[in-house]
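[1] Next input, structure requested:
(2 chains, ligands or ions: 3)
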Amino acid sequence: MVKADPLGVLTGSHYLDGDEACAEGALAAGVRFLAGYPITPSTEVAERCAARFPFMGGTFIQMEDELASMAAVVAGVWGGSKCLSVTSGPGFSLMMENIGLGIMMETPLVVVNVQRGGPSTGLPTMPGQADMMQARWGSHGDYEVIAVAPNSPQEAFDLTVEAFNLSERFRTPVFVMLDECVGHMTEKVVIPPADEIEVEPRYMYTGDPKEYLPYKLDGNEYNVPPMLHAGQGARFHTTGLTHDERGYPDMTPACQDVLVNRLVDKIRKRDDIVHLEEDGIEGADVIVLSYGISTRVAYGGIRIARERGVKVGHIAMKIVWPFPEKRILELVDSVKGILTVEMNLGQMALETERLAQGRCKTVLAGHAGGTVHDPKVIAKAIEELAK
Amino acid sequence: MSDTAVTPVPVKEDTTPHPMEDWLRMDRIPHIWCPTCGLGIVVTALVEAIKKSAFDPDLMAVVSGIGCTGRVAGYIKLDSFHTTHGRAIPFATGLKLSNPKLKVVVVSGDGDLTGIGGNHFIHAARRNIDLTVICVNNFIYAMTGGQVAPTTPNPAVTSTTPYGAFEPPFNLANLAEACGATYVSRWTALHVRRLVESMTRALMKPGFSFVEVIAPCSTLYARRNRLGSGLDLMKFYHDNAIIKNGCPTPEVGIDFQKPFVVGDFVDKERPTWHDRMRAQMTATLGEKFIPKVGPSICTNCE
Ligand SMILES: Cc1ncc(C[n+]2csc(CCOP(=O)(O)OP(=O)(O)O)c2C)c(N)n1
Ligand code: SF4
Ligand SMILES: [Mg+2]
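    Numbering: from 1, shown residues only, chains lettered A, B, ... in the order given. Ligands and ions are numbered 1, 2, ... in the order given. A predicted model of the protein is given here:
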């Protein structure tokens, strides 16, 4: 880890909304290129970067659509910058093919999705959390993703920095799954001094550029090859086709097997890509699992249930993908049930169901979006599960 | 099998280096293209133009989309990117904006650049991003088996217009000019010398420069339309090309198997995206403006 570049760090106490805080997190992490297309409720992230970039050697471009935006940021990384794109549901759908390109080329970058109600144009100005499975599976083919879900402007800052660090470490696109509620909620955000912000440096190749093979592994602990950028004299090739360590297309099942398994395993085989906040798990009868804005509403429901004597614990997921499988499996035999609180009709709840396999009850407290949960509904669901 | 042992005559190995060895990925040759496809000539011409241009090859990048032409990026020994269908231009835009020191060249097909990628084409030209775009126009979606393209002359037969194409095709030179390209030309794959000169001018021209290369698809377009071999078609294009430099681009539309115009059509000055952006930022922010002049990642890694 290295220290953040002070040029991008707005140290101090601020009153920011989640979108603005997310932009500040990206700038602190070193983002100097953003290609995006306006869409409510995400636009403020791009607007803030457009306003701040000229003072730190950064470039913003408003592209013609999200297909272009995503292609441009994948390229921006290969051009030697830290890159971000920002969108909401409809734009996220358009980005999917080039997110796949980013995964295939092993391109470290971050995409922010400030979720609104869907499907289609849905509820442009109102919150949703219904793109969680899209984040996981939205591009074609086999792969794994990493995604974070902030529940406040402060977390929007902190977790965006973390998202960039994870993207560099695992050389893959990482998603910041905000929602309209957090995106447009204004709160105090404390941005530390640059030398207190840890930044994962890009894992660069240090040998003779003439010898560089873009996908040759060197035993790096994260199972990713070191990178060189365009213009560094390597004259390398990269492609979205299945490729060998030279980056050359290799249309064989054997090459496909090696490459795709590594892309999946570099994330799936690790159980340390977790970030949970736990409360009252010891001796709990019921566990509430939540993420993003739903964690804050879940607290309300948990408080009511606790006042009524229910032993209920809370797991607030900060990293939502990969799903915290190991932790959930540790708990399924000791609790009566797990209640997943999310603003959709059952997405992450399916993960708990898959893991529990009937060893405890798994229930969803969900709704179709547009507003946050009523804590009383959550409290009631907790009490039901505790019976 | 004969039972008389034949002593093989030793063949003397030819050790002369291939003249393109420094510029092509020889470990990827033979390429995947059909015999008499126009693409090989386009690659040779581009390499010659790159050699003639003053650019440091280490600071050049080639970006292709998907298609037969999309494979060009894989053969030229520069930093090269084989991206997604239609997105070569926005990818190239991202490279250029991330590191303005790079000279970025897009080589892709007519379908890739002006069908699925048409929106990016018009906007990159409008913005005047400093890119050189080489479009290999074979009038067809070749890679997928010869379907109709936005460039197919009427009434050519393609696999999805078995009774003849009827949608009016784009006049690409006119489209590029209308959108703001600073340099626009069209040559055929047999006008090799002029093509090399034109590509060199395009590379040297600041802003969005566009070269359309009319090239035969021997396997699909020629065969399905009974136009002979790829070589026959290449000759036909060459012989029916009327050279008219400076010809107004509205007049250079292409009809099926009729004479058509080639030449250097447009060569004009227009501030690039970077020129305008920097001027605007400086006018508004003065000394506070810190332009992005190269990759930023390393300021972060110290
Ligand atoms: C999103 C997407 N849609 C469709 C395709 C299939 N596809 C691959 S190449 C191609 C057409 C290429 O035509 P052109 O750009 O003219 O290149 P050519 O093969 O003629 O050189 C198509 C439709 C694809 N790869 N991706
Ligand atoms: S299919 Fe046509 S365009 Fe493609 S390589 Fe063969 S001749 Fe060339
Ligand atoms: Mg074509």
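
[2] Ramachandran angles for residue A:18?
    Per-residue torsions, residue A:18: phi -60, psi -40 (degrees, to the nearest 10).

[3] report the longest strand in chain A, please.
    strand A:109-117 (DSSP state E).

[4] That one and chain B, any residue contact?
    No - judged by CB under 8 Å from any CB of the partner chain, strand A:109-117 and chain B are separated, with a smallest distance of 10.4 Å. The way it works is simple: take the backbone N, C-alpha and C, and place the C-beta from them, glycine included.

[5] which neighbours does that strand have in its sheet, and in what orientation?
    strand A:82-87 (parallel), strand A:123-127 (antiparallel), strand A:173-179 (parallel) (DSSP bridges).

[6] mean confidence score for that strand?
    Averaging pLDDT along strand A:109-117 gives 98.

[7] same thing with stretch B:180-194?
    Stretch B:180-194 comes out at a mean pLDDT of 97.

[8] Span of that stretch from start to end?
    23 Å (CA to CA, to the nearest Å).

[9] Flag every buried residue along that stretch.
    Buried residues in stretch B:180-194, counting neighbours by 16 or more other CB atoms under 10 Å in any protein chain shown, are found at B:180-192, B:194.

[10] Return the subset of the residues you listed lying in strands.
    Short answer: the buried residues of stretch B:180-194 in strands (DSSP E) are B:183, B:184, B:185, B:186, B:187, B:188.

[11] which residues does the residue of the stretch 51-200 of chain B found nearest ligand 3 contact?
    Relative to ligand 3, the nearest point of the stretch 51-200 of chain B is residue B:109 (3.7 Å; CB to the ion). Applying CB atoms under 8 Å, 6 or more residues apart in numbering or on different chains to residue B:109 gives the contacts B:65, B:67, B:68, B:69, B:70, B:135, B:136, B:137, B:138, B:141, B:142, B:143.

[12] And residue B:133, by the same measure?
    Neighbouring residues of residue B:133 by CB under 8 Å, 6+ apart: B:89, B:105, B:106, B:108, B:113, B:121, B:124, B:208, B:209, B:210, B:211.

[13] Take those residues and keep only those in strands.
    Secondary structure from DSSP E places B:105, B:106, B:108, B:209, B:210, B:211 of the contacts of residue B:133 in strands.

[14] who wins for neighbours among the contacts of residue B:109?
    residue B:69 (33 neighbours; other CB atoms under 10 Å in any protein chain shown).

[15] And that one, how close does it get to residue A:84?
    31 Å (CB to CB, to the nearest Å).

[16] domain ranges for the chain?
    Defaulting to chain A. A:2-199, A:276-386 (automatic domain parsing).

[17] should've been chain B
    B:26-269, B:271-302.

[18] Show me which residues of the stretch 101-250 of chain B are close to chain A?
    B:101, B:102, B:119, B:120, B:123.

[19] Buried ones only from the contacts of residue B:133, please, as a ChimeraX command.
    Selecting only the buried entries of the contacts of residue B:133 in ChimeraX, with 16+ other CB under 10 Å as the criterion:
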select /B:89,105,106,108,113,121,124,208,209,210,211
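
[20] Tell me the pLDDT of residue 247.
    You didn't pick a chain, so chain A it is. 98.

[21] switch to chain B, that's the one I care about
    So residue B:247 comes in at 98 (pLDDT).

[22] who's whatever residue of the stretch 151-300 of chain A ends up closest to ligand 2 bridged to?
    Scanning the stretch 151-300 of chain A for the residue nearest ligand 2 gives residue A:249, at 14.9 Å (criterion: CB to the nearest ligand atom). For residue A:249, the beta-bridge partners are residue A:243 (DSSP bridges).

[23] Contact partners for it?
    A:239, A:241, A:242, A:243, B:74, B:82.

[24] Farthest pair within these?
    A:242 and B:74 (13.1 Å; CB to CB).

[25] and the residue sitting nearest the centre point of chain A, what element?
    With distances taken as CA atoms, centre = their mean, residue A:147 lies nearest the centre of chain A, 2.3 Å away. Per DSSP states H and E, residue A:147 falls inside strand A:146-148.

[26] Rounded mean pLDDT for that strand, please.
    The average pLDDT within strand A:146-148 is 98.

[27] Which SSE is immediately downstream of that strand?
    Using DSSP H and E, the helix or strand that follows strand A:146-148 in sequence is helix A:153-170.

[28] What is the nearest of the contacts of residue B:133 to chain A?
    residue B:89 (7.9 Å; CB to the nearest CB).
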